[in-house]
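**Student:** Got a predicted structure here, sequence first:
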Amino acid sequence: MGSAPFSLPTLKALAEEEEVLAVVTQPDRPRGRGLKPSATPVKEWAKGRGIPVLQPEDLGGELVEELRRLRPEVVVVAAYGKILPKEVLKIPPLGCINVHPSLLPKYRGAAPVNWAIIRGERETGVTTFLMDEGMDSGPVLLRRRVDIHEDETAPELLARLADLGAELLLETIRRWRKGELVPQPQRDEEATYAPRLERSHGLIDWKRKAGEIKNLVRGLQPWPSAYTFLKGKLLKVFRARLGDGSRGEPGEVVSLRGGIEVACGEGSLVITELQLEGRRRMSAEEFLRGHSLQVGDKLGR
């Protein structure tokens, strides 16, 4: 059961080592400028290999009956996007195993990779756990830790964790079958949460520390992106590095050498890749060749 690109390495690994009876994924949704119904990457891959695909809107009724008919030994869930009801959880004898890209109980929820970066974490990882009726709250089977690289963006980190998750899932199933794993209850008092991203999360507050804004830029890709305003137009920021701390009012452009250096509440940030409303994504150097930005101009509302 999976929908997002994070699910694909796990599905591919399962298909090489196990018999995949079916894939359950989200229904086709309107996407892109034309809002044409678009299949999830999981559906596309499964259909290309002749694996039956189920796309229920509702996780009761017909889906429960179909899963009972299939009689799976285990259900694997990776970035499916819905919480499973008790009726589904009870079907497989080895349970429903979730592959989650965080070190649970930290960062339960929809966007664990994004929030780990935004909040300045130095490490994260992948956890496999037995699902219960809560949100990422079931007992842990295995964990693997990785360092978060200094300039790594959310998509880059998520890709690494997806591959690691596939490896960990196969190890989990092998050892769980043999009775080598003892599920460890999570300590709920240590839990932190990673809520679904909203557009408002991307608005840059230039009064914050430069390092915090840099983490926001790294963590909010590919959507909603960190953004500010330039002369009333939306300006998305895709890449940035810490500046030398040049002083100025928060949001003030203090230098145009090597990028667009902007004063923050503490320190400064050099924007190196951006996109102005109505224009394509480009380097700061290219942007400056075609735009009359000057030292002293202000970013923000």
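**Tutor:** Cool, the structure landed.

**Student:** any idea which helix is longest in the chain?
**Tutor:** The helix that spans the most residues within the chain, counting by DSSP state H, is helix 154-177.

**Student:** All the helices of the stretch 151-300 of the chain, in order from the start?
**Tutor:** 154-177, 210-219, 284-289 (DSSP state H, counting those that start in this stretch).

**Student:** Check which residues of the last one are buried.
**Tutor:** Which is helix 284-289. Going by neighbour count (16 or more other C-beta atoms under 10 Å), the buried part of helix 284-289 is Ala284, Phe287. C-betas here are computed from N, CA, C, even on glycine.

**Student:** and if you look at the second one?
**Tutor:** Across helix 210-219, burial judged by 16+ other C-beta under 10 Å covers Ala210, Glu212, Ile213, Lys214, Asn215, Leu216, Val217, Arg218, Gly219.

**Student:** mean confidence for the helix or strand harbouring Val146?
**Tutor:** Per DSSP states H and E, Val146 falls inside strand 140-147. Taken as a whole, strand 140-147 has a mean pLDDT of 98.

**Student:** Off-centre distance for it?
**Tutor:** Relative to its chain's centre, strand 140-147 lies at 17 Å (C-alpha atoms, centre = their mean, to the nearest Å).

**Student:** All further residue positions should be reported with the first residue as 36.
**Tutor:** New numbering, starting at 36: the last item is strand 175-182.

**Student:** residue contacts, Asp63?
**Tutor:** With contacts defined as C-beta atoms under 8 Å, 6 or more residues apart in numbering, Asp63 is in contact with Pro72, Ser73, Ala74, Thr75, Lys78, Gln90.

**Student:** Quickly list what the closest residue to Phe273 other than its chain neighbours is bridged to.
**Tutor:** Using C-beta to C-beta, 6 or more residues apart in numbering and skipping the chain neighbours, the partner closest in space to Phe273 is Glu308 (4.3 Å). Beta-bridge partners recorded for Glu308 (DSSP bridges): Arg274, Ser318.

**Student:** Buried residues, the longest helix of the chain. List them.
**Tutor:** Buried residues in helix 189-212, counted by 16+ other C-beta under 10 Å: 189, 191-197, 199-201, 203-208, 211.

**Student:** Stretch 148-156 now?
**Tutor:** Across stretch 148-156, burial judged by 16+ other C-beta under 10 Å covers Val148, Asn149, Trp150, Ala151, Ile152, Ile153, Glu156.

**Student:** surely the second one meets Leu232?
**Tutor:** Yes. Taking C-beta atoms under 8 Å as the definition, Asn149 is a contact partner of Leu232 at 6.0 Å.

**Student:** Now list whatever residues contact both of these two.
**Tutor:** In contact with both Asn149 and Leu232: Leu255, using C-beta under 8 Å, 6+ apart.

**Student:** Pull up the gap between Val161 and Pro140, please.
**Tutor:** Applying C-beta to C-beta, to the nearest Å, the value for Val161 to Pro140 is 14 Å.

**Student:** again, but for Leu199
**Tutor:** 19 Å.

**Student:** what's the helix or strand of the chain with the lowest mean pLDDT in contact with?
**Tutor:** Within the chain, no helix or strand scores below strand 64-66, which has a mean of 85 by mean pLDDT, DSSP states H and E. By C-beta under 8 Å, 6+ apart, the list of residues contacting strand 64-66 from outside reads Lys71, Pro72, Ser73.

**Student:** can you list the residues you listed in a markdown table and add pLDDT and distance to Glu100?
**Tutor:** Below are the contacts of strand 64-66 laid out as a markdown table (pLDDT from 0 to 100; distance: C-beta to C-beta, whole Å):
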| residue | pLDDT | distance to Glu100 |
| --- | --- | --- |
| Lys71 | 86 | 31 |
| Pro72 | 89 | 26 |
| Ser73 | 92 | 28 |
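
**Student:** No further queries at this time; thank you.
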